[in-house]
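Enquirer: sharing a model prediction with you, sequence too.
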Amino acid sequence: MFESLPLYLAFLGTAVALFVAALVVYVMITSHHEIRLIRAGNTACAYAFGGTAIGMAIVLHGTASGTFEVAELAAWGGLGLIGQLMVYFVAKVMIPGLKDGLEADKSAHGILLGALSIAMGIINAGALSS
């Protein structure tokens, strides 16, 4: 019954490591300080960062469900997460005042960024799992 436990643990460990790494990179590339702002009660940043986390998890789910190889999960999952990181730059172009809006706790900015991240995660996962 537990013959596949090592493979499960390898997949879980790889996916969690990719997830955490992607969120760390995301925090580093954005021009605002999500964690500090969220700790201060900034709802817009919580929406944006939460949507980003969900979008990244969707990508990793799509990748993990489409392979039985840990190396393939790492390679395609990493590539998919790079695509997720690009959403932030697209949103910055779409909304020139994105940083200021998030820092001012404008929910519309956070919801849009979070929704774009989730949408891209769904599209990205579909492409990675085929």
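Expert: Arrived safely.
Enquirer: helix or strand right after the lowest-mean-pLDDT helix or strand in the chain?
Expert: One helix or strand of the chain scores below all others by mean pLDDT, DSSP states H and E: helix 70-94, with a mean of 92. Per DSSP states H and E, helix 70-94 leads on to helix 98-103 as the next helix or strand towards the C-terminus.
Enquirer: the helices in this protein, which residues?
Expert: Listed in chain order, the helices of the chain (DSSP state H) span 5-29, 34-39, 43-64, 70-94, 98-103, 107-128.
Enquirer: show me what contacts the spatially most central residue of the chain?
Expert: Centroid-nearest residue in the chain: Met56, 2.9 Å away (criterion: CA atoms, centre = their mean). Met56 sits next to 19, 22-23, 81, 84, 117, 121 when contact means CB atoms under 8 Å, 6 or more residues apart in numbering. (Each C-beta comes from the backbone N, C-alpha and C, glycine too.)
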